[in-house]
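J.: what's the 3D shape of this:
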Amino acid sequence: MKIYYWIGVFIVFIGGFSCTAREDDVSKLKDEVIAVHDEVMPKMGELRSYQKSLSGKAEELRSTASDTTSLRDLKQAANACEVAYEGMFVWMRQFDSKLEGLEEEESLTYLRDQLVKVTQVNRDIKKALDDAERLLEK
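T.: Sure thing, here's the model as predicted:
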């Protein structure tokens with residue numbers, strides 16, 4: 001009879017440990033998603049500023065009827081800044097950090113999907129910033 005007691009204690013202990021481990025996985029993944037977001041969120045003002053500068057430079061080129069290739073590049077870069085800027089806010093509006101009503105496995109699946117999405121937003125912002133810097137230095 002005593003052996004059943006210890007087997008029961010062991011099963012409860014292992015079950016409790018696995019739940020804690022899964023909660024830690026959810027917490028770590030959520031922190032990772034937030035970290036990817038936090039890396040580029042401070043650059044949103046810079047992104048908007050570059051977009052305005054690129055648009056202004058494109059207007060100057062259009063009025064002087066100079067190089068159409070440069071004009072096209074400036075417009076594309078300004079558009080990429082706008083798309084990246086909007087992409088961040090679209091992602092933020094749909095992201096649910098509370099994970100209410102989700103089981104642990106559902107939370108992990110949701111957060112993995114969000115990590116993919118926010119990583120793409122991160123890449124888009126970095127690329128738009130790099131392209132804008134390159135074009136504005138010319």
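J.: measure residue 93 to residue 117 for me?
T.: Distance of residue 93 to residue 117, given as C-beta to C-beta, to the nearest Å: 12 Å. Every C-beta, even on glycine, is put in place using the N, C-alpha and C of the backbone.
J.: who has more neighbours out of the two?
T.: Just comparing residue 93 and residue 117: by other C-beta atoms under 10 Å the higher neighbour count belongs to residue 117, 17 against 7.
J.: my read: the more buried one touches residue 92, true?
T.: No - Residue 117 is beyond contact range of residue 92, at 10.6 Å (criterion: C-beta atoms under 8 Å).
J.: just to revisit the earlier point, please enumerate the shared neighbours of residue 93 and residue 117.
T.: Counting by C-beta atoms under 8 Å, 6 or more residues apart in numbering, no residue touches both residue 93 and residue 117.
J.: I'd like the distance between the spatially most central residue of the chain and residue 104.
T.: Geometric centre of the chain, nearest residue: residue 118, 2.2 Å, by C-alpha atoms, centre = their mean. For residue 118, the distance to residue 104 equals 20 Å [C-beta to C-beta].
J.: okay, now residue 138: neighbour count?
T.: Other residues close to residue 138 by other C-beta under 10 Å number 8.
J.: sketch out the low-pLDDT regions of this structure for me.
T.: 1-2, 4-22, 65-67 (pLDDT under 70).
J.: buried stuff in the helix or strand containing residue 90?
T.: Using DSSP states H and E, the element containing residue 90 is helix 68-94. Within helix 68-94, the residues that count as buried by 16 or more other C-beta atoms under 10 Å are 71, 73-75, 77-78, 80-82, 84-85, 87-88, 91.
J.: repeat that for stretch 121-138.
T.: 121-122, 124-125, 128-129, 131-132, 135.
J.: so which of the residues you listed sit within helices?
T.: 121-122, 124-125, 128-129, 131-132, 135 (DSSP state H).
J.: which of those residues lies closest to residue 98?
T.: Of all those, the one sitting nearest residue 98 is residue 121; the distance, using C-beta to C-beta, is 20.1 Å.
J.: quick check: that closest one touching residue 84?
T.: Yes - with contact defined as C-beta under 8 Å, residue 121 counts as touching residue 84 (7.3 Å).
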